[in-house]
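In: Sequence below, structure please.
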Amino acid sequence: MTSVAITRRRLLQTGSIAALGTLCRPVFAERKHYDVIIVGAGLAGLRAGCLLQKHGVDFLLLEGSRRVGGRVYTLDDLPGRPEAGGTQVGTNYQALNQALAELNITTMNIRPGAPGMTLLVNGHLSAPENWPASAGNLLPETLKATPPYRLLPKLLRNGSFLTDPLDWWKPENSAMDIPLQAYLKQLGADEEALRLVDANLNGESIETLSALDLLRKLAVLQAAGAPQDIGGGTQRLPDAMYASIDAAVMMGKQVTAINTTTSKIQLLTADADRFTCQLCLVAIPFSVLRRLDIQAPLSQPKQQAIRRMGYTPVTHVLMKPKSPFWLADGLSPNMWTDTDLGRIFTQTDKQGEVIRLRAWVQGSAAQRLNSMPDGELGKHIVSLLERARPQAKSQLEVERVISWGNNPFSYGAFSHYPAGGVGQFSQAVSRPEGLLHFIGAHTEPSASGMEAAVKSGDRGAGEAIYRLSRGVLNMISSESPQYATI
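Out: Residues are numbered from 1 along each chain as shown. Just a heads-up that it's a prediction; the model follows:
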């Protein structure tokens, strides 16, 4: 159905102010029925909750973990408050900047890390300026001068671009809904170039990621504007949202089953609690949703989307340097590698001194690491770094290991489409199905990250208000859905 903007003028036009007044009831923990239940207290669910509360809707937000924010996570207990999840706010982000303004949260320029980048490829260290002659550089002559972190954009310049993110739905672009590996081969990539692109890919693998989805994301980033940080840490946004609706949020309530009838939805939680509602906003990633017991009329494209949407595993290992060991070899502490180290990024204090190194591992490397316990994984990363740069021996202390791939409330950090998925199910991802509505960053094709999450929360709240005020809760998808177990 078409979403409806939430404005006072619109509510007055539809007569819904009076209707919503009858829906407003106080929230008590012992209550089990609500007009709307939101599943998931990430940015999408929290934003929807803020707007539903503003317009007097009777709702409850269920969060499985003991914290709000989802994949927005500032580690406030560590010096410098490092970010473990979403961080940057584009100056052109409309929905996110609006939400920040409403909560009086300011943004600031990003504090740069240490300068430079060190390359570790095929066992050889080099600075970017020495990369063309490095013994580790096995690229063909046409790509020899291109550092590994610039290979993907260089190769893509030989192909097509999307002027607008929604151009991915144009028939003439459907031929690019193929594995990125196959697409890059068409553009002249050899096996070594493909291997290096895959080493730090924002996706599970170049063998599965849709090239068309990657081009959509590049179109989104092109329009995002200059990136900024949220003052005091990104966690300030979900915390402020939660503070405004805390009476309507239950923490530690992990939904394990969703059962729908023609008139209501029943939700079961891991602690054997049960809730019912007239309409449900599902704000959890499909990587989590597909692990739930879902008994609901869902269209075939929606079932495919829930089962097949990809989620990039990302692992962070935060390390405190006891000394500036990198001064001994004259190379930057930042690194791009083709090993389990992934990439190494630095965090500096106000004086510009490096206070932290972060190994950022994603894609296939992160998948390999997911089988390790956190303690073992941290030691593994430190040992690799010490082997690559002997001066780091005994100079690193692991502060924290964060694995989004192993997190039971996300099972990955970023959503992406598998090859063929754009054509098969992308237009069904955000579509309501019976009494179930779907929000979250993965449901907004024209945005990404935190902007997409907040934008989807706006849409989901508008859909809920429209249906409640108009009494159209029996509306179902036009796709002739089948009763399905996911």
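
In: Only C-alpha atoms from now on, for both contacts and neighbour counts.
Out: OK.

In: who touches the closest residue to residue 134 other than its chain neighbours in this structure?
Out: Computed as Cα to Cα, 6 or more residues apart in numbering, the closest residue to residue 134 that is not its neighbour in sequence is residue 126, at 6.6 Å. Contacts for residue 126 were tallied using Cα atoms under 8 Å, 6 or more residues apart in numbering; they are 118, 119, 120, 134, 331.

In: so what's residue 126 bridging to?
Out: Per DSSP bridges, residues listed as beta-bridge partners of residue 126: residue 119.

In: State the distance from it to residue 190.
Out: If you measure residue 126 against residue 190 using Cα to Cα, to the nearest Å, the figure is 22 Å.

In: element containing residue 34, please.
Out: With secondary structure defined by DSSP states H and E, residue 34 is part of strand 33-39.

In: partner strands of that strand, parallel or antiparallel?
Out: Looking at strand 33-39 with DSSP bridges, its paired strands and their directions are strand 59-62 (parallel), strand 274-282 (parallel).

In: could you give me the average pLDDT of it?
Out: If you average the pLDDT over strand 33-39, you get 97.

In: Can you tell me what sits against the helix or strand just after that strand?
Out: Reading on from strand 33-39 to the C-terminus, the next helix or strand found by DSSP H and E is helix 43-54. With contacts defined as Cα under 8 Å, 6+ apart, helix 43-54 is touched by 38-39, 58-59, 61, 69-70, 72, 99, 238, 241-242, 244-245, 281, 283, 439-441, 450, 453-458, 460-461, 465.

In: Can you give me the buried ones in helix 43-54?
Out: Applying a neighbour-count criterion of 16 or more other Cα atoms under 10 Å, one finds 43, 44, 45, 46, 47, 48, 49, 50, 51, 52, 53 buried in helix 43-54.

In: and what of stretch 169-185?
Out: Residues 176, 177, 178, 179, 180, 181, 182, 183, 184 are the ones in stretch 169-185 that count as buried (16+ other Cα under 10 Å).

In: the bottom helix or strand of the protein by mean pLDDT?
Out: helix 8-14 (a mean of 35; mean pLDDT, DSSP states H and E).

In: Figure out how far stretch 38-51 is from the centre of its chain.
Out: Computed by Cα atoms, centre = their mean, to the nearest Å, the chain-centroid distance of stretch 38-51 equals 15 Å.

In: Kindly apply the preceding question to stretch 75-86 instead.
Out: Here stretch 75-86 shows a centroid-to-chain-centroid distance of 17 Å under the convention Cα atoms, centre = their mean.

In: Then stretch 413-432?
Out: Its chain's C-alpha centre and that of stretch 413-432 lie 14 Å apart, by Cα atoms, centre = their mean.

In: Can you list the buried residues in it?
Out: Of the residues in stretch 413-432, those with enough neighbours to count as buried (16+ other Cα under 10 Å) are 413-423, 425-432.

In: Now the phi/psi pair for the nearest residue to residue 194 once chain neighbours are set aside, please.
Out: Taking Cα to Cα, 6+ apart as the measure, residue 194 lies nearest to residue 181, with 6.9 Å between them; neighbours along the chain are not counted. In this entry, residue 181 is assigned phi and psi values of phi -60, psi -50 (degrees, to the nearest 10).

In: swap in the one 4 residues further on?
Out: Backbone torsions for residue 185, taken as degrees, to the nearest 10, come to phi -60, psi -40.

In: can you give me the end-to-end distance of stretch 184-201?
Out: Taking Cα to Cα as the criterion, the two ends of stretch 184-201 lie 13 Å apart.

In: just stretch 176-184 next, same as before
Out: End-to-end distance for stretch 176-184: 10 Å, by Cα to Cα.

In: ok, longest helix in the chain?
Out: Ranked by residue count under DSSP state H, the longest helix found in the chain is helix 449-470.

In: got the buried residues for it?
Out: Of all the residues in helix 449-470, those buried under the rule 16+ other Cα under 10 Å are 449-469.

In: and if you look at stretch 139-147?
Out: If you call a residue buried by 16+ other Cα under 10 Å, then stretch 139-147 has these buried ones: 139, 143, 144, 145, 146, 147.

In: which residues of the stretch 1-150 of the chain fall in helices?
Out: 8-14, 16-21, 43-54, 94-102 (DSSP state H, counting those that start in this stretch).

In: Equivalent analysis for the stretch 301-450 of the chain, please.
Out: 364-369, 374-388, 421-425, 449-470.

In: export those helices to TSV and tack on distance to residue 171 and mean pLDDT?
Out: Output for the helices of the stretch 301-450 of the chain, formatted as TSV (distance: least, Cα to Cα, whole Å; pLDDT from 0 to 100):
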stretch	distance to residue 171	mean pLDDT
helix 364-369	31	92
helix 374-388	45	97
helix 421-425	9	98
helix 449-470	24	96
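
In: closest one to residue 78 among these?
Out: Taking Cα to Cα as the criterion, helix 374-388 is the member of the helices of the stretch 301-450 of the chain that comes nearest to residue 78, at 16.6 Å.

In: Could you tell me which residues make contact with residue 417?
Out: Residues counted as contacts of residue 417 (Cα under 8 Å, 6+ apart) are 209, 210, 213, 308, 309, 310.
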